[in-house]
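In: any chance you could fold what I've pasted below:
(one chain, ligands or ions: 1)
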Amino acid sequence: MKNKITDLLAAQIPELSREEIAGMLEIPPRQDMGDYAFPCFKLAKLYRKAPQAIAGDLLDKVGHPSYLSEIRTVGAYLNFYIDKAQYAAALLDTYRSVPEFGSSEIGKGKTICIDYSSPNVAKNFHIGHLRTTIIGNSLYKIFSKLGYKVVRINHLGDWGTQFGKLLVAYQKFGNKEAVEEKGIQELMDLYVQFHEEAEKDDSLNDQARAAFASMEQGDPEALAVWEWFKDISLKEFLRIYDIMGIEFDSFAGESFYRDKTGGIVQTLTEKGLLVESQGALVVPLDEYDMPPCIVAKKDGSSIYATRDLAAVLYRKATYDFEKCLYVTGQEQKLHFAQVFKVIELMGNDYAQNLVHIPYGLVRLKDGKISSRKGNVIFAEDLLNESINKTAAIIEEKNPNIPDKEKVARIVGIGAIMFNDLYNQRIKDVVFDWDKLLNFDGETGPYVQYTYARASSVLRKIGEPASDAINCQLLTDDASLGLLKEIERYPQVIQEAADRYEPFLVARFSMDVAHAFNKFYQECQINCPDPELRTTRVNVVKIARYVLKDSLSLLGIDCPEQM
Ligand code: ARG
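Out: Next comes the predicted model:
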């Protein structure tokens, strides 16, 4: 509304900018003085006229748009009275303008690749990986809502020298039964043991390098063991994705590019971008204030960056992406800056469409979480703990709801996701059970609870007689306030996509939940008057849709009862 009034005035006062006019608009201290007031004192000098007279002139010029019930002058002020019913109607028009409110076709025909989650084989899926998984999944939902085709890529960390180490460790200290029984945990233990032993006996490192080199050359025996480790790991990862309701379109990880890294070295050589440095092949980047990008090690083996270079070319050729996003911790900022720069130096102007999307750390309420040795925290344990804690809360609060276990899962997982997505990505996430599972706090469960409340209202009252909404009956603050929040949804989604920031959607869902609860408290929904009841029930239906839909963009489901 403020924008509209600003536009109205700006058309008559070309001497002032829109911003200046918006800055001058006041909200009067009393309702009878209107919803907005525009003081004309400042204009007196400009027009060499008394401010009262200017207010009168403006009144004649601005006309009478339908969303205003009245414009009046009081002294040097122009007072605007909003026609609330018209305003409500305008808000509802926005809601009705698309079949699936919030969706758009802006991304139609365009593809976005999102590289996220991407855990490392034979390593635990830690809470840092939870963040990339949750953020990446939400970006997938957000871009899909805008009509983009999204390719969800899990760039598994399944290649590299560490597998040479693991192979040697397994041959020297491991056994089949232990790996079969303990899975990733055993592989991690072997890896730790390798490092302990290698400190005493450096030749182990040489053996590990040789083992990886043999993998790169396709030694079937080495590859069979590696393949087995990979299967074991993937099984554990899939279990986690399953709990979270997350899927991928591609699991082409680092090993997928092992036969494509040679091509990268060749192209870089042909383009004269490679130089030799201490036996390794590197692309110097000092001109761009970065250390050189290593492409091949002394023994010719590829590294993380080589495989990422190959992945960019492959993805461009395969998906012809509009953008390719990489969701990882901020400690990989330099790595991606180097890779993107090398892609650019190779002459690919689409390098500018490669975007690194970093995020902050996860901390437990007391101290940082480490994923190395000792106190390792497995994401799966955390997810299960959340589900169990939620089950206990439900048992206490509402033990008679159907599908209790499923509800505990949806709410427990939702709480973790919401907590992760409620602030800017780059901010650290603090893990505090009491906070994130508080059903009355700024939490996922609170928004889900609000949705369940809306569902319960509809169950009790039943389907409304029609979908008619009488806007004359929605002029109170609570109703109008709720509609105002809802109307922002499309803009919020667009901005979240532009900034790669799901927290905007999370905040929005919270705002709608607050506004809905105010409406619920102040406006009796099951009221005696049939027209008023139908109108209100239809507003509940709209709010319910928006609550569910916005949470779904965060990857969060909504139970009907909780
Ligand atoms: N596996 C890496 C890690 O766990 C993340 C991979 C990110 N994606 C990529 N294309 N480099 O840190």
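In: closest to the centroid, which residue in the protein?
Out: Centroid check for the chain by C-alpha atoms, centre = their mean gives Pro502 as the closest residue, at 3.3 Å.
In: what's near enough to touch that one?
Out: Ile135, Ser138, Leu139, Ile142, Leu421, Arg425, Ala496, Leu553, Leu554 (C-beta atoms under 8 Å, 6 or more residues apart in numbering). C-beta: built from backbone N, CA, C; applies to glycine.
In: how about TSV for the residues you listed, with secondary structure added?
Out: As requested, the contacts of Pro502 are arranged in TSV below (DSSP: H, G, I helix; E, B strand; the rest coil):
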residue	secondary structure
Ile135	helix
Ser138	helix
Leu139	helix
Ile142	helix
Leu421	helix
Arg425	coil
Ala496	helix
Leu553	coil
Leu554	coil
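In: select, from those, the two members most distant in space.
Out: Farthest-apart pair in the contacts of Pro502 is Arg425 and Leu553; separation 15.0 Å (C-beta to C-beta).
In: which of these two has more residues huddled nearby?
Out: Higher neighbour count among Arg425 and Leu553: Leu553, with 28 against 21, using other C-beta atoms under 10 Å.
In: contacting residues for that one?
Out: Ser138, Lys141, Ile142, Lys145, Ile493, Ala496, Pro502, Val505.
In: spatially nearest residue to the residue in the stretch 151-300 of the chain that the ligand sits nearest to (excluding sequence neighbours)?
Out: Nearest residue of the stretch 151-300 of the chain to the ligand: Gly157, at 3.3 Å (C-beta to the nearest ligand atom). Excluding its sequence neighbours, the residue lying closest to Gly157 (C-beta to C-beta, 6 or more residues apart in numbering) is Asn120, at 3.4 Å.
In: roughly how far does the one you found sit from the ligand?
Out: 5 Å (C-beta to the nearest ligand atom, to the nearest Å).
In: quick one, what contacts that residue?
Out: Leu156, Gly157, Asp158, Gln162.
In: neighbours of Val151, how many?
Out: 19.
In: my guess is it contacts Ile112, does it?
Out: Yes: Val151 is in contact with Ile112 according to C-beta atoms under 8 Å; the separation is 7.3 Å.
In: overlap in contacts of the two?
Out: Common neighbours of Val151 and Ile112 (C-beta under 8 Å, 6+ apart) are Phe321.
In: how about the residues of the stretch 101-250 of the chain by the ligand?
Out: Asp115, Ser118, Pro119, Asn120, His155, Gly157 (C-beta under 6 Å from any ligand atom).
In: hmm, Ile377 is touching Ile127, no?
Out: Yes: applying C-beta under 8 Å, one finds Ile377 in contact with Ile127, separated by 5.8 Å.
In: where does the stretch 451-562 of the chain have low pLDDT?
Out: Applying pLDDT under 70 to the stretch 451-562 of the chain flags no residue at all.
In: can you name the residue of it nearest to the ligand?
Out: For the stretch 451-562 of the chain, C-beta to the nearest ligand atom, closest residue to the ligand: Tyr500, 15.3 Å.
In: quick check: longest helix in this protein by residues?
Out: helix 220-244 (DSSP state H).
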